[in-house]
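Asks: turn this into a structure:
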Amino acid sequence: MIANVRNAVIGRLILTVAVIAFVVGSASAHCDSEDGPIIPSIRQALDDGDITPLMKWITSEDVEEISTLFTRVRDVRTESDQARQIADRLFIETFIRLHRASEGAPYTGIKPAGSTPPIFAAADEALESGSVDELSDNVSTAVREKITEQYNRAMTLRKHQDESVAAGREYVEAYVAYLHFVEGLHAYLESAGTGHSHDSEPTHEH
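Replies: Now for the predicted structure:
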């Protein structure tokens, strides 16, 4: 029972994030979170002095700036604990800002651990476990449930659309919501895999 509830919650979160990602035009990435995939790696690199593992997260145009800053921060952080904290923060913020800019996304600060949607943890967990089955099943179930919900509402109201202007407007609202939802999912799937952000939005209007 607990597992079913957990899967249902994760499934709905997955669907919500996917739809918001398309409609708004940019998914809420977790690369700027303390427990995301980047910041722990940055802290490790600052400790052991190896910047190479970080380079995959930035563009070639930013390599020189980051490399120079990395060297300076490594020198300063040895002076005191306070200097280390300030220097590390400067490097982390600069690195994340450049990474976000490369995605066409604004830098909005460093987010604390646990502040990002559980869906990102679920996606990362799938990569760690080597299996996407659970994640895929949750998405499929959530999508089916939401489409069915939107369809049922539109179908019910469709039967009464001509009874009054108010009833007709209620049906149109449900109809538009239904079509936009399906269209949004389709367009998102068509553009999936191109990065965190999306340059286009649904063009179908009603």
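Asks: tell me the predicted confidence for Ser33.
Replies: Listed pLDDT for Ser33 reads 87.
Asks: relative to Trp57, how far out is the closest residue to it other than its chain neighbours?
Replies: Nearest non-adjacent residue to Ser33, counting by C-beta to C-beta, 6 or more residues apart in numbering: Lys111, 4.3 Å away. For every residue, glycine as well, the C-beta is placed using N, CA and C. Distance of Lys111 to Trp57, given as C-beta to C-beta, to the nearest Å: 16 Å.
Asks: what's the most far-flung residue of the chain relative to its centre sitting at in phi/psi?
Replies: Distance from the centre of the chain peaks at Glu163, with 43.2 Å (C-alpha atoms, centre = their mean). Dihedral pair for Glu163: phi -80, psi -30, per degrees, to the nearest 10.
Asks: quick check: it vs Pro53, distance?
Replies: Counting by C-beta to C-beta, the separation of Glu163 from Pro53 is 65 Å.
Asks: next one: Asp133
Replies: To Pro53, Asp133 is 29 Å away according to C-beta to C-beta.
Asks: more neighbours, these two?
Replies: Pro53 (12 against 9; other C-beta atoms under 10 Å).
Asks: contacting residues around that one?
Replies: By C-beta atoms under 8 Å, 6 or more residues apart in numbering, Pro53 lies in contact with Ser41, Gln44, Ala45.
Asks: domain map for this protein?
Replies: Domain assignment for the chain, taken from automatic domain parsing, gives 5-28+117-191, 30-102.
Asks: quick one: end-to-end distance for the shortest one.
Replies: Read that as domain 30-102. Start-to-end span of domain 30-102 (C-alpha to C-alpha, to the nearest Å) is 15 Å.
Asks: so where's this protein shaky on pLDDT?
Replies: Residue ranges of the chain with pLDDT under 70: 1-29, 192-206.
Asks: try it again at 80.
Replies: Within the chain, the stretches falling below the threshold (pLDDT under 80) are 1-30, 114-121, 188-206.
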